[in-house]
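S.K.: how would this look folded up:
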Amino acid sequence: MVRGVPDFRAFYQREYRSILGVAYALTGDLATAEDLCQDALMAAFRRWDEVGAMEYPGAWVRRVVANRSASRYRRLASESRALLRFGQEPSETPSPSAESVAVWDALRRLRGRQAEVVVLIYFSGVSHAEAAEVMGCSVETVRTHLKRAKSHLVAWLGDEEEA
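M.R.: You can find the predicted model right below:
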């Protein structure tokens with residue numbers, strides 16, 4: 001049996017849905033989210049001796065997902081600008097379901113770090129400490145981003161209970 005595989009299998013089974021949720025919340029597209037999730041988990045598997053020894057290996061994988069998602073958006077923006085220069089219309093990105101359009105629009109209006117912390121804490125269910133590790137900042141910075149994000153969401157969506 002390959003060294004580290006049983007631990008990785010348990011990690012994968014425990015964390016996959018949550019990591020996929022983060023990827024989906026960041027991309028809004030299930031197929032893209034699945035690709036990002038699998039790429040990040042493959043990166044973790046390749047370095048499992050190192051990643052598996054971390055206090056929060058799931059945080060490391062979520063950071064990979066967030067970084068690759070940001071890279072994907074930069075690449076798509078560049079491709080769209082290039083297509084416009086050549087007179088072609090860029091392809092449309094799939095939109096979220098009708099009942100969640102307002103929430104997704106509000107999340108997309110948030111600044112990058114604020115959106116990231118909301119996705120990590122509310123969509124992925126990680127702790128403030130894990131979110132801090134994923135984002136590469138302190139727990140207090142996570143709390144500050146979260147507080148600002150919640151203020152914006154309440155202002156844009158209405159009642160705090162609805163947000």
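S.K.: Centre of the chain to the longest helix anywhere in the chain, how far?
M.R.: Longest helix in the chain, counting residues (DSSP state H): helix 57-85. Relative to its parent chain, helix 57-85 has a centroid offset of 11 Å by CA atoms, centre = their mean, to the nearest Å.
S.K.: List the buried residues for the helix or strand following that helix?
M.R.: Toward the C-terminal end, the helix or strand that comes next after helix 57-85 (DSSP states H and E) is helix 101-109. Of all the residues in helix 101-109, those buried under the rule 16 or more other CB atoms under 10 Å are A106, L107. C-beta coordinates here come from the backbone N, C-alpha and C atoms, glycine included.
S.K.: Helix 101-109 - contacts with which helices or strands?
M.R.: Here helix 101-109 touches helix 112-118, helix 139-157, going by 3 or more CB pairs under 8 Å, 6 or more residues apart in numbering; DSSP states H and E.
S.K.: In contact with G21: list those residues for me.
M.R.: By CB atoms under 8 Å, 6 or more residues apart in numbering, the residues touching G21 are F123, S124.
S.K.: Next one: it from Y122, what distance?
M.R.: Taking CB to CB, to the nearest Å as the measure, G21 falls 10 Å from Y122.
S.K.: And for V142?
M.R.: As judged by CB to CB, V142 and Y122 stand 12 Å apart.
S.K.: could you give the angle of the lowest-mean-pLDDT helix or strand in the chain to helix 139-157?
M.R.: Lowest on mean pLDDT, DSSP states H and E among the helices and strands of the chain sits helix 101-109, with a mean of 74. Angle of helix 101-109 versus helix 139-157, following axes from the mean of the first three to the mean of the last three CA atoms, to 10 degrees, is 140 degrees.
S.K.: Can you dump the C-alpha atoms of helix 101-109 in PDB for me?
M.R.: Provided in PDB are the C-alpha atoms of helix 101-109 (Å, rounded to 0.1, in the frame of the first residue of the first chain):
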ATOM      1  CA  VAL A 101     -29.700  35.700  -7.800                       C
ATOM      2  CA  ALA A 102     -29.900  38.500  -5.200                       C
ATOM      3  CA  VAL A 103     -27.500  36.700  -2.800                       C
ATOM      4  CA  TRP A 104     -25.000  35.900  -5.600                       C
ATOM      5  CA  ASP A 105     -25.100  39.400  -6.900                       C
ATOM      6  CA  ALA A 106     -24.500  40.800  -3.400                       C
ATOM      7  CA  LEU A 107     -21.600  38.300  -2.900                       C
ATOM      8  CA  ARG A 108     -20.100  39.300  -6.200                       C
ATOM      9  CA  ARG A 109     -20.300  43.000  -5.200                       C
END
